[in-house]
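1. My questions concern the predicted model and sequence given below.
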Amino acid sequence: MPGRGRASTQGRNLQIKVVELAEGLGLETRMEVKAARRIWGAERRIDIVLKETSTRKLLGVECKFQKVKGSAEEKIPSMLKDIEHWPIPGIVVIDGPGFSKGMENFLLASGKVIQFEDLEDWLRLYFAL
């Protein structure tokens, strides 16, 4: 499948960008945090957990990058359902030119999906920074 090998690298790069942004705002970060199990037994992991140290407020962040049209966007609605079972609030950060406009608008309207370019403002509001 074209681009498949690069997809995980680009997704990891998005995670690093999110961590750098969050740490620049003074937030603590942890990556690949275990958060119980799914119903079929697989470990549930959160890409990034952010913490504001003075309030101890937490936020889980899943990252999805899509360079070309593909299946990443199709996985996000089920990811949003999975986030409902986390022990902390969570969002999905998306980046890349490959999201179809209709799906992107649908995801952004959920209030739980944020484009990377809007993440700093969103985090400042959420953590009252």
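-> Thanks, I have it. Numbers count the residues shown, from 1 in each chain.

2. residue ranges with poor pLDDT in the chain?
-> Applying pLDDT under 70 to the predicted model, the residue ranges of the chain that meet it are 1-7, 39.

3. rerun that using 50 as the cut-off
-> Low-confidence segments of the chain (pLDDT under 50): 1-4.

4. Tell me where it has helices.
-> Along the chain, the segments classed as helices by DSSP state H run 4-24, 72-83, 101-109, 116-126.

5. Tell me which other helices or strands the last one touches.
-> Secondary structure elements in contact with helix 116-126, counted by 3 or more Cβ pairs under 8 Å, 6 or more residues apart in numbering; DSSP states H and E, are helix 4-24, strand 57-65, strand 90-95. Quick note: C-beta positions are derived from backbone N, CA and C, even for glycine.

6. Buried deepest among these, which one?
-> For the helices and strands packed on helix 116-126, the largest average neighbour count (mean count of other Cβ atoms under 10 Å) is found in strand 90-95, namely a mean of 23.
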